[in-house]
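[1] Structure for this input, please:
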Amino acid sequence: MTTYRSPLLTPPREEEEVYGYRPVWRSLIIEATLLLIMSVALIIAGRGLSQNLPSTPLLIVTLVIGTAPVLLWLAFSWRAENTVREPRAGLLAVAVVTALVARSIGEPLITQFLRVEEWLPLSSAVERIIGYTVTVGVVQSTLIYLTIRFTLPRRMFRIRDDGLAYGIAAAVGYVTVSNLQTLASAGTPQLDSFVLRAFGDYALHIAMGLLIGYGVTITYIGRPIILNMTFYVVLSSILAGITIPIRAGLVNPVFSLDFNRSLVSAPRPLLGLGFSVLILIVPCLILYFLIRNAERRETEAQVEI
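    Below you'll find the predicted structure:
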């Protein structure tokens, strides 16, 4: 005798009990939280460490921060795939290929050909947003999409969370290369400034990867509209175009008068860090709602049948 259980009355306790897949959101929360805690601690102690640590230990610390996104992802996402019934194949391949594409095409195109840091920071606010959107945003979003699209066959996308997992893999591959490129060009940078930029880039790339991964998934297994994938690439590019100049404006020092009526510089690193956290959280909440709402409608439709 078959026992009927309404999903609305007795919801499953864990995502893996329904699909047999690794819960993407849980891994992402762990990785992002650990990186945030590490970043806050190093930002608070950053100036002291930069002044007191010898160059070699300081370089090691910056290397750890620069590679932390991919190291945390390997520990809590990729490794966890081996513990579930339905592991996602190709995650490591997506991360590696994205890193190679970013190193060989993305970073040279942005830094050597477009040279955005030489002319965009001096532009007006609107021009910076548009400029970063059509340069950095378009380049990075397009490369992330093309990597996912041509590295993975269509059959890899079975549920909506699959696209998120592959999008995160592409994001950590890209941001790790970006961090190492910054270290290679700047030598040993100011620790707190580098940590702030590294976490900000991590948050932005994860948000972009989630949007693009979600777009690929619903294109394959959902009900896509016309130019569906183009919409998510453009949305991801706009997100980068808005985030980069606003974050720079929040982080850069402001000048004010102290009690002696002298002009002093007041950096605001924690404000910039908070903005990066917001850029990470908001897309996650929106996509979580969209995915769960779609799954709920599908479940209700199956029950009615």
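[2] Give me the next element, helix or strand, following the one helix or strand residue 220 maps to.
    Element membership for residue 220 (DSSP states H and E) is helix 191-221. Sequence-wise, the next helix or strand downstream of helix 191-221 (DSSP H and E) is helix 228-251.
[3] Just the C-alphas of that next one, formatted as PDB.
    Output in PDB follows, covering the C-alpha atoms of helix 228-251 (Å, rounded to 0.1, in the frame of the first residue of the first chain):
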ATOM      1  CA  ASN A 228      16.400  34.700 -22.000                       C
ATOM      2  CA  MET A 229      20.200  34.000 -21.600                       C
ATOM      3  CA  THR A 230      21.100  37.400 -23.000                       C
ATOM      4  CA  PHE A 231      19.000  39.000 -20.300                       C
ATOM      5  CA  TYR A 232      21.000  37.400 -17.500                       C
ATOM      6  CA  VAL A 233      24.300  38.200 -19.100                       C
ATOM      7  CA  VAL A 234      23.300  41.800 -19.500                       C
ATOM      8  CA  LEU A 235      21.900  41.900 -15.900                       C
ATOM      9  CA  SER A 236      25.200  40.500 -14.600                       C
ATOM     10  CA  SER A 237      27.100  43.100 -16.500                       C
ATOM     11  CA  ILE A 238      25.000  45.900 -15.200                       C
ATOM     12  CA  LEU A 239      25.500  44.600 -11.600                       C
ATOM     13  CA  ALA A 240      29.200  44.800 -12.100                       C
ATOM     14  CA  GLY A 241      29.000  48.300 -13.700                       C
ATOM     15  CA  ILE A 242      27.000  49.600 -10.700                       C
ATOM     16  CA  THR A 243      29.000  47.700  -8.000                       C
ATOM     17  CA  ILE A 244      32.500  48.600  -8.900                       C
ATOM     18  CA  PRO A 245      32.300  52.500  -8.800                       C
ATOM     19  CA  ILE A 246      30.000  52.600  -5.800                       C
ATOM     20  CA  ARG A 247      32.200  50.300  -3.800                       C
ATOM     21  CA  ALA A 248      35.200  52.400  -4.800                       C
ATOM     22  CA  GLY A 249      33.400  55.500  -3.600                       C
ATOM     23  CA  LEU A 250      32.500  54.000  -0.300                       C
ATOM     24  CA  VAL A 251      36.000  52.600   0.400                       C
END
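[4] where does the stretch 1-150 of the chain have low pLDDT?
    1-19, 46-53 (pLDDT under 70).
[5] quick revisit: now do the buried residues in the helix holding residue 220.
    By neighbour count on 16 or more other C-beta atoms under 10 Å, the buried set for helix 191-221 is 191-220. For the C-beta atoms, the positions are set from N, CA and C on the backbone; glycine is no exception.
[6] Leaving out the residues flanking it, which one is nearest to the most centrally placed residue in the chain?
    The chain has residue 206 as the residue nearest its centroid, 1.3 Å off, counting by C-alpha atoms, centre = their mean. Excluding its sequence neighbours, the residue lying closest to residue 206 (C-beta to C-beta, 6 or more residues apart in numbering) is residue 171, at 4.8 Å.
[7] what's the nearest residue to residue 210 if we skip its chain neighbours?
    residue 167 (5.1 Å).
[8] What of residue 174?
    In space, residue 174 is closest to residue 102, 4.6 Å off (C-beta to C-beta, 6+ apart).
[9] for the one you found, what are its contacts?
    140, 143, 173, 174, 177, 178 (C-beta atoms under 8 Å, 6 or more residues apart in numbering).
[10] Which of those residues fall in helices?
    140, 143, 173, 174, 177, 178 (DSSP state H).
[11] Could you list the buried residues of stretch 123-134?
    Result for stretch 123-134 [16+ other C-beta under 10 Å]: buried residues 128, 129, 130, 131, 132, 133.
[12] And the helix or strand harbouring residue 287, how far out from the chain middle?
    Here residue 287, judged by DSSP H and E, is contained in helix 269-304. Mean-position distance between helix 269-304 and its chain equals 14 Å (C-alpha atoms, centre = their mean, to the nearest Å).
[13] Let me see the contact set for residue 39.
    By C-beta under 8 Å, 6+ apart, the contact set of residue 39 is 65, 195, 196, 198, 199, 273.
[14] Now with 10 Å, please.
    46, 65, 68, 192, 195-196, 198-200, 202, 269, 273, 276-277 (C-beta atoms under 10 Å, 6 or more residues apart in numbering).
[15] can you redo those as TSV with distance to residue 186?
    Shown next, in TSV, are these (distance: C-beta to C-beta, whole Å):
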residue	distance to residue 186
46	15
65	13
68	18
192	14
195	13
196	14
198	12
199	17
200	16
202	18
269	17
273	20
276	20
277	24
